[in-house]
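Asks: Build me a model:
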Amino acid sequence: MNESLLLTAEKLSLNRDLRFGRSCKGAFVVKNVPAQTYLTVTPRQWAVIQEFNEPVSVPDVLGKMIQERTCPALNEFYEVVLKAHRAGILHEGQNVPFRRNAVRWFVPLPTHLTLTFAIAIMVAAIGLIFFRQIPGYNAAHWQLTWQDFVAGWLAVSAGLSAGYAVTASVLRSSGNEVYRPRLHWQTLVPHFALDVRDICMADPATQMAAWCGFLAPLGAIAGLALFLQKPWALFPLLGFFIGLRPVDGLFGQMSALLRRRPRLDVDHHLLFSLNHEPMRRLQIIWRQFDWRATAMELVLGVGWALLGAGFVFNFLNLSFRATLSDAAYWRRSIPYLAGAVILVAAAWCVYQFWQTMRLTVRNFVRRWQRRWQRWHASAEPTYTEGNLRQAITRSTLLRRLDVDTQTELSTLLRPLTVKAWRTVISFDEPSDQIGLIASGSAAVYRRLKSGRRAFAFQLSEGDVFGTREIVDPHNPQLEVRSRTPLFAYALPAAEFERLVGTKLGAETVYNLTHKLAFLRRLPICSHWGSQATARFAQLSQIVKYPEGEMIMHEGDNVQAFYIIYDGSVQAMRGSKRVGRIRRGGFFGEISLLQNGVATASLIAREETLCLALSRADFLRFVRHNYYVAMELERVSSRRLGRPVFPLNPLSIGDYYASYSPSEPNQAV
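Replies: Got it, this is the predicted structure:
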């Protein structure tokens, strides 16, 4: 499954052959009947899936839900779409899922009666573990024979087979399905098995009865063998103990059923790539936190550990109760127990964040490798056709040229080497050379009205510099200084204008040399990706506002998203000044995402240039670039002081009421 293609271009439609489980605690299960796949969702998440009732793309659904103010959190939106597609609930309309028929099961068992007997059997088995001696071992030697091993092995097989039969009977009594009876003979303990995944469609009481009923036969066999002091009792007892485990066992299922919020599919085994980022993973983990379920998990976990300790002590003919009352023993054991807890916590962190840690380390290594290469590049750079082609292909601007023009351009490029911290182009001396950076980085400075030099943006590999006299009417005074040893390819400005300017247009050259370099240094654009940032540079228009001009009126519909290219803007709420937005700041995105109105008036404090993206272009740009959408949601939620999504039916109103004047870049 190609995530990018699925979330941007593919048209999906809703599967018609679905079945719905009982609603419980604000969630329900949707079953794809032919493929026997399941999806646990909330009504809000199901509303997202229902938008695909007719074939439609994900960006169109997102745009519609933003306009109708029904959009959930974006990480949840994309995750539920991917999970529904994997389950076959959403599909492209071409694939036919494999149909698995249910089997007829003729022996129903009442839910409450089964639950009562199962709990009684398991409590009795647990009590026998503590109060009856487990045969098979003494201080001198093992007492188990090969016949005991065979008998215990057969007992575990019989207990597991009977457990599946009881579970299937409970499910049939509640109207759920049973699938695929088979003999699991390629396992350590061969047994008869059934596919009972339909258990998730049942109500909590039925689920509890099914899980307890699955373990009850094994517990009954183990308890009876222990009561009769059979040497092979060790094996069913061990199987019973493993079945009680707090992770994916009976104790784990019991604590899960006590949760106030059911475990949704969007909260685990995440598919959406951006949900693997550390902060989002922590948010998802915190969203799942339920103190009642956590307390129950801790109690059951401690109880399972004590049961295991009692099992081992009993088998070794040691007194577990005497050990519990031995204070000296526990003082010696506390460091080991603390170390075990720390080890488990570290293992959990590695499991949860392994993918993110690996990506972070890899990006860190690549970044420092690139810096090392810039500072330790050869003083005599190689000048080959392959290097020229690679430099042209790396450039966002020059790779748009046709092959013949790229070939002619490569014949005109000549190497240019500049040491670190040297002026490449000065304010007062116009340059007749256009440069293409092959290795190194450079800083571009602009001159303010006061004459002071101010940093504008940074250039790196693939960027073009020196085009200000040709395509830059807004910032005619720019200076370029190398930050590292700089190796570039240069050609005369007249040739650049003939080959590039006339074919791509002055506006495109300006967008992909100046506007793109400016946008890349902004924190909001740092995670967009090169293609999305270049697309924004081309879509946005430069709008000029004289000093004192009103950019936006409080209460008006916001018609564009703005990034301040030069100058600054003052935010007013009524007659009260509530903030100031400087160069690189942006505004308008909250109102556009929430389909609301401006909550403040914005006035240019000085002559100001803004990169403006119209409402329609902004929403289209956000819908088709999920990296952009997620970043804007994150930034806007931090500014707003609460999540931008899910939306509420009312208009925004209290953003600037909680505004902190110390924050320089605020939004409307």
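Asks: Let me see the contact set for Ser441.
Replies: Residues in contact with Ser441 (Cβ atoms under 8 Å, 6 or more residues apart in numbering) are Arg374, Gln458, Leu459, Ser460, Glu461, Ser482, Arg483, Thr484, Leu486. In short, each C-beta sits where N, CA and C put it, glycine included.
Asks: And Ala124, by the same measure?
Replies: The contact partners of Ala124, taken as Cβ under 8 Å, 6+ apart, are Gly219, Gly223.
Asks: any idea how far it is from Leu5?
Replies: 57 Å (Cβ to Cβ, to the nearest Å).
Asks: for Asp556, same thing?
Replies: As for Asp556, its distance to Leu5 is 38 Å (criterion: Cβ to Cβ).
Asks: next one: Cys24
Replies: 35 Å.
Asks: Also Ala420?
Replies: Taken as Cβ to Cβ, the spacing of Ala420 relative to Leu5 amounts to 43 Å.
Asks: When these two are compared, which one has more neighbours?
Replies: In this view Ala420 and Leu5 are compared by other Cβ atoms under 10 Å, and Ala420 has more residues nearby, 15 against 9.
Asks: helix, strand or coil for the more buried one?
Replies: coil (DSSP: H, G, I helix; E, B strand; the rest coil).
Asks: quick one: pLDDT of it?
Replies: With respect to pLDDT, Ala420 scores 89.
Asks: Repeat that for Ala377.
Replies: Among the per-residue scores, Ala377 shows a pLDDT of 63.
Asks: Any buried residues in the helix or strand harbouring Arg281, and which?
Replies: Assigning secondary structure by DSSP states H and E places Arg281 in helix 278-288. Counting neighbours by 16 or more other Cβ atoms under 10 Å, one finds that the buried residues in helix 278-288 are Arg280, Arg281, Ile284.
Asks: Include distance to Arg468 and pLDDT when you put those into JSON lines, please.
Replies: JSON lines is the format used below for the buried residues of helix 278-288 (distance: Cβ to Cβ, whole Å; pLDDT from 0 to 100):
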{"residue": "Arg280", "distance to Arg468": "41", "pLDDT": "78"}
{"residue": "Arg281", "distance to Arg468": "45", "pLDDT": "77"}
{"residue": "Ile284", "distance to Arg468": "47", "pLDDT": "80"}
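Asks: so which of the residues you listed comes closest to Arg446?
Replies: Arg280 (36.8 Å; Cβ to Cβ).
Asks: any idea where the helices of the stretch 151-300 of the chain begin and end?
Replies: With helices called from DSSP state H, counting those that start in this stretch, the stretch 151-300 of the chain shows them at 204-227, 234-243, 250-257, 278-288, 291-315.
Asks: And the fourth one, what does it pack against?
Replies: Here helix 278-288 touches helix 327-375, going by 3 or more Cβ pairs under 8 Å, 6 or more residues apart in numbering; DSSP states H and E.
Asks: Tell me which other helices or strands the helix it packs on touches.
Replies: Counting by 3+ Cβ pairs under 8 Å, 6+ apart, helix 327-375 packs on helix 278-288.
Asks: Can you name the residues in contact with the helix it packs on?
Replies: With contacts defined as Cβ under 8 Å, 6+ apart, helix 278-288 is touched by Asn75, Arg261, Arg263, Val266, Asp267, Leu270, Leu274, Asn275, Gln352, Phe353, Thr356.
Asks: Could you do stretch 260-267 as well?
Replies: By Cβ under 8 Å, 6+ apart, the residues outside stretch 260-267 that reach it are 24-27, 39-42, 45, 76, 79-80, 83, 256, 284, 287-288, 290, 292-293.
Asks: Could you check how far the nearest residue to Ser395 once chain neighbours are set aside is from Val170?
Replies: In space, and not counting its chain neighbours, Ser395 is closest to Gly462: 4.5 Å by Cβ to Cβ, 6 or more residues apart in numbering. Applying Cβ to Cβ, the value for Gly462 to Val170 is 64 Å.
Asks: Show me which of the two is the more surrounded one.
Replies: Looking at Gly462 and Val170 with other Cβ under 10 Å, you find the greater number of neighbours at Val170, namely 30 against 19.
Asks: Find the residue closest to the more buried one in space, skipping its chain neighbours.
Replies: The shortest distance from Val170 to any residue other than its chain neighbours is 4.6 Å, reached at Ala210 (Cβ to Cβ, 6+ apart).
Asks: how many other residues sit next to the one you found?
Replies: Ala210 is surrounded by 29 other residues when neighbours are defined as other Cβ under 10 Å.
Asks: measure it to Asn32 for me?
Replies: Ala210 sits at a distance of 21 Å from Asn32 (criterion: Cβ to Cβ).
Asks: Same question for Ala328.
Replies: Taken as Cβ to Cβ, the span from Ala328 to Asn32 is 59 Å.
Asks: In terms of packing, which of the two has more residues around it?
Replies: A count of neighbours by other Cβ under 10 Å puts Asn32 above the other of Ala328 and Asn32, at 20 against 7.
Asks: Torsion angles phi and psi at the more buried one?
Replies: Backbone torsions of Asn32, given as degrees, to the nearest 10, read phi -80, psi 100.
Asks: going forward can the numbers begin at 53, since that is how I track them
Replies: Yes, from this point I'll number from 53; that puts the last item at Asn84.
Asks: And it, what's its pLDDT?
Replies: The model reports Asn84 with a pLDDT of 91.
Asks: got a list of what Ala612 touches?
Replies: By Cβ under 8 Å, 6+ apart, Ala612 lies in contact with Gly640, Ala664, Leu665, Ser666, Arg667, Phe670.
Asks: Identify the bridge partners of it.
Replies: With DSSP bridges as the criterion, the beta-bridge partners of Ala612 are Ser666.
Asks: Would you check how far apart it and Glu641 are?
Replies: The span separating Ala612 from Glu641 equals 10 Å under the rule Cβ to Cβ.
Asks: who touches both of those two?
Replies: Phe670.
Asks: strand partners of the host helix or strand of Leu468, parallel vs antiparallel please.
Replies: Under the assignment given by DSSP H and E, the secondary-structure element containing Leu468 is strand 466-470. The strands that strand 466-470 pairs with in its sheet are strand 538-544 (antiparallel) (by DSSP bridges).
Asks: Show me what the helix or strand following the strand it pairs with is packed up against.
Replies: Going down the chain from strand 538-544, the next helix or strand is helix 545-548, by DSSP H and E. In terms of contact count using 3+ Cβ pairs under 8 Å, 6+ apart, helix 545-548 is assigned the packing partners strand 485-491, helix 520-523.
Asks: which parts of helix 545-548 are buried?
Replies: Taking 16+ other Cβ under 10 Å as the neighbour-count basis, helix 545-548 is seen to contain the buried residues Ala545, Phe548.
Asks: what is the rounded mean pLDDT of it?
Replies: If you average the pLDDT over helix 545-548, you get 90.
Asks: How about stretch 660-667?
Replies: If you average the pLDDT over stretch 660-667, you get 94.
Asks: Kindly report the same for stretch 107-115.
Replies: Computed over stretch 107-115, the average pLDDT equals 94.
Asks: for that stretch, which positions count as buried?
Replies: So for stretch 107-115, counting by 16+ other Cβ under 10 Å, buried means Ser109, Val110, Pro111, Val113, Leu114, Gly115.
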